[in-house]
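# Next one to model:
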Amino acid sequence: MLFKIKQSIFTPYQVFIITLLSFLQFTVILDFMVLSPLGAFLLDELTISPAQFGLVVSAYAFSAGASGILAAGFADKYDRKKLLLFFYSGFILGTVFCALSPNYHFLLAARIITGLFGGVLSSINMAIITDLFKAEVRGRVMGFVQMAFAASQIMGIPVGLALANHFDWHAPFWVIAGIGIPAGFAIYWYMKPITGHLGHPSASHPFRHLLRTVSNPSYILSFTATTLLATGGFMLMPFGSAFSIHNIGLSMEQLPVLYSVTGIFTIIMGPLIGKISDQAGRFNTFAIGSAITICMVYIYTNLDHTPLFWVIFVNVILFMGILSRGISSNALNSSVPELHDRGAFMSINSAVQQISGGIAAAIAGLIVVQREDGFIEHFNTLGYVVIGSVLLSTILTSRINKFVQQKQHQSSGFADQTNGNQP
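Residues are numbered from 1 along each chain as shown. Okay, here's the model as predicted:
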């Protein structure tokens with residue numbers, strides 16, 4: 001539990017912030033995840049085609065990416081608390097519109113609105129974490145936020161199905177809006193203003209600020225690494241369930257067990273990996289996670305009929321590698337931007353992740369082929385592409401790590417402040 005964090009490490013207010021930001025992340029990802037199991041309901045009740053449902057899903061991702069870029073120029077011009085409250089309120093409003101949707105076009109517009117606001121929240125959370133927590137403990141904070149991400153993934157499919165079956169497909173969105181409103185009040189009443197980044201001349205000119213951030217060579221390196229990082233996950237995930245059933249031989253009843261057990265281990269491992277990242281070094285953790293990911297992606301994408309126990313084992317180890325890369329990369333990237341650029345940097349980085357993920361999923365669809373019997377062909381080819389992206393992202397992350405070390409050496413005046421290669 002978050003409240004059992006040692007007080008010697010975090011103050012009570014910091015524990016509140018970690019809990020709040022984790023919960024916000026939970027609601028945002030849950031909103032995205034519950035849509036997936038609602039496909040069968042929406043196809044019938046709204047009389048839409050699979051292509052139209054696909055557009056409803058992708059509309060969120062692309063609007064989230066667009067809003068991240070548009071918001072980047074303004075992200076460092078305002079109190080981060082006000083920005084968080086504004087965008088979270090918009091996200092809740094968009095979710096309410098989803099719950100009220102009477103037809104396809106209304107739902108599509110509601111998903112676009114939800115994406116425009118919800119897509120920026122992750123970047124604001126990252127900027128707040130970077131502002132309020134020292135570099136030495138950011139890995140642990142990222143681990144707790146990632147734990148909320150895993151929890152939402154576990155709950156998304158069963159919660160969406162359960163509520164839709166007992167009520168109707170609108171119910172999951174009402175629940176998310178209902179639990180999100182108190183969080184909005186908590187931001188308003190209890191979060192302190194975050195204004196340490198204000199006052200820099202560049203932030204007073206939004207479009208100049210955006211262009212300057214986008215064109216910064218050091219930032220471009222991070223954006224490129226983020227693109228490659230997102231590529232791996234989004235290439236495998238869309239076809240994971242079909243591959244598990246038709247190639248590995250799992251049943252529909254076994255699939256929730258696979259995802260639930262994997263998710264539970266992810267929740268447990270998140271804070272632990274965050275702590276390891278703080279102590280052993282961010283790039284060291286990233287490199288080890290990359291090695292694990294490469295090995296397990298090769299094994300996973302070449303599986304044939306396999307017992308459930310071994311599939312769970314492979315998935316857990318694979319996600320351990322993916323989680324190690326994600327947590328350590330976020331913690332490392334948090335040290336890249338200057339104080340007055342953090343909001344813009346995080347917004348663009350989040351947008352890059354959203355857009356590149358959507359493109360990666362589309363490319364994956366061009367690589368794999370599903371036969372008439374459901375068997376997924378060329379899934380191992382997809383694995384080789386992912387392995388290549390992992391190797392390239394590791395090389396780029398090594399360069400990012402060197403940049404962060406040099407930056408810290410210059411600011412501290414002596415080399416041992418970086419504690420080896422740990423930012």
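# can you list the weak-confidence ranges in the stretch 1-150 of the chain?
1-8, 36-37, 39-40, 50-51, 54, 73 (pLDDT under 70).
# Do you have the strands of the stretch 301-423 of the chain handy? List them.
Using DSSP state E, counting those that start in this stretch, the strands found in the stretch 301-423 of the chain span residues 369-370, 376-377.
# Just put those strands in JSON lines and tack on mean pLDDT.
Output for the strands of the stretch 301-423 of the chain, formatted as JSON lines (pLDDT from 0 to 100):
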{"stretch": "strand 369-370", "mean pLDDT": "76"}
{"stretch": "strand 376-377", "mean pLDDT": "86"}
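# Can I get those strands in a markdown table including distance to Ser350?
(C-beta placed from N, C-alpha, C; glycine too.) Formatted as a markdown table, the strands of the stretch 301-423 of the chain follow (distance: least, C-beta to C-beta, whole Å):
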| stretch | distance to Ser350 |
| --- | --- |
| strand 369-370 | 32 |
| strand 376-377 | 30 |
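# Of those, which is nearest Ala110?
Ranking the strands of the stretch 301-423 of the chain by proximity to Ala110 (C-beta to C-beta) places strand 369-370 first, at 30.6 Å.
# Can you pull out the residues in contact with the closest one?
For strand 369-370, the surrounding residues in contact (C-beta atoms under 8 Å, 6 or more residues apart in numbering) are 242, 246, 376-378.
# Mark which of these are buried, thanks.
Neighbour counting over the contacts of strand 369-370 (16 or more other C-beta atoms under 10 Å) leaves 246, 376 as the buried ones.
# Can you show me the strands along the stretch 51-200 of the chain?
Counting by DSSP E, counting those that start in this stretch, the stretch 51-200 of the chain contains no strands.
# residues touching Val175, list them.
Counting by C-beta under 8 Å, 6+ apart, Val175 makes contact with 159, 163.
# Retrieve the pLDDT associated with it.
pLDDT, Val175: 93.
# what do you get for the one 4 residues further on?
For Ile179, the pLDDT comes out at 94.
# The residue lying closest to it once chain neighbours are set aside: neighbour count?
Nearest residue to Ile179 in three dimensions, chain neighbours excluded: Thr27, at 6.6 Å (C-beta to C-beta, 6 or more residues apart in numbering). Other residues near Thr27 number 22, with proximity taken as other C-beta atoms under 10 Å.
# Test my guess that Thr27 contacts Ala183.
Yes. Counting by C-beta atoms under 8 Å, Ala183 is a contact partner of Thr27 at 6.9 Å.
# picking that back up, can you add distance to Phe62 and give the contacts of strand 369-370 back as CSV?
Output for those, formatted as CSV (distance: C-beta to C-beta, whole Å):
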residue, distance to Phe62
Ala242, 23
His246, 29
Ile376, 25
Glu377, 28
His378, 26
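# My guess is Asp278 contacts Glu136. True?
Yes. Here Asp278 reaches Glu136: they are 5.9 Å apart, a contact under C-beta under 8 Å.
# which of these two has more neighbours?
Neighbours per residue, other C-beta under 10 Å: of Asp278 and Glu136, the larger number sits with Asp278, 27 against 14.
# List the residues that contact that one.
Residues near Asp278 by C-beta under 8 Å, 6+ apart: 136-140, 331, 422.
# Try it again at 10 Å.
Counting by C-beta atoms under 10 Å, 6 or more residues apart in numbering, Asp278 touches 9, 134-143, 285, 327-328, 331, 419, 422-423.
# so Gly160 touches Trp169, yeah?
Yes. Here Gly160 reaches Trp169: they are 8.4 Å apart, a contact under C-beta atoms under 10 Å.
# so what does the top helix by length along the chain touch, helix or strand wise?
As assigned by DSSP state H, the longest helix anywhere in the chain is helix 379-412. Where contact means 3 or more C-beta pairs under 10 Å, 6 or more residues apart in numbering; DSSP states H and E, helix 379-412 is packed against helix 217-236, helix 240-243, helix 282-301, helix 308-333, helix 342-367.
# Compute the inter-axis angle for that helix and helix 308-333.
Interaxial angle, helix 379-412 versus helix 308-333 (axes from the mean of the first three to the mean of the last three C-alpha atoms, to 10 degrees): 30 degrees.
# follow-up on the earlier one: would you reformat the helices and strands packed on helix 379-412 as CSV and include mean pLDDT and distance to Ile387?
As requested, those are exported to CSV (pLDDT from 0 to 100; distance: least, C-beta to C-beta, whole Å):
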stretch, mean pLDDT, distance to Ile387
helix 217-236, 84, 8
helix 240-243, 77, 16
helix 282-301, 95, 5
helix 308-333, 91, 12
helix 342-367, 79, 13
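# Dump those to TSV, plus distance to Phe16.
Supplementary listing: these in TSV, determined by distance: least, C-beta to C-beta, whole Å:
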stretch	distance to Phe16
helix 217-236	29
helix 240-243	36
helix 282-301	25
helix 308-333	21
helix 342-367	21
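# Out of these, the one nearest Phe32 is which?
Phe32 lies closest to helix 342-367 among the helices and strands packed on helix 379-412, at 10.6 Å (C-beta to C-beta).
# quick check: angle from the closest one to helix 217-236?
With the same axes, to 10 degrees defining the directions, helix 342-367 sits at 40 degrees from helix 217-236.
# So which bits of helix 342-367 are buried?
For helix 342-367, the neighbour count (16+ other C-beta under 10 Å) marks 342-361, 364 as buried.
# cool, stretch 209-229 as well?
Within stretch 209-229, the residues that qualify as buried by neighbour count (16+ other C-beta under 10 Å) are 209-210, 213-214, 216, 219, 221-229.
# Many thanks, I have nothing further to ask.
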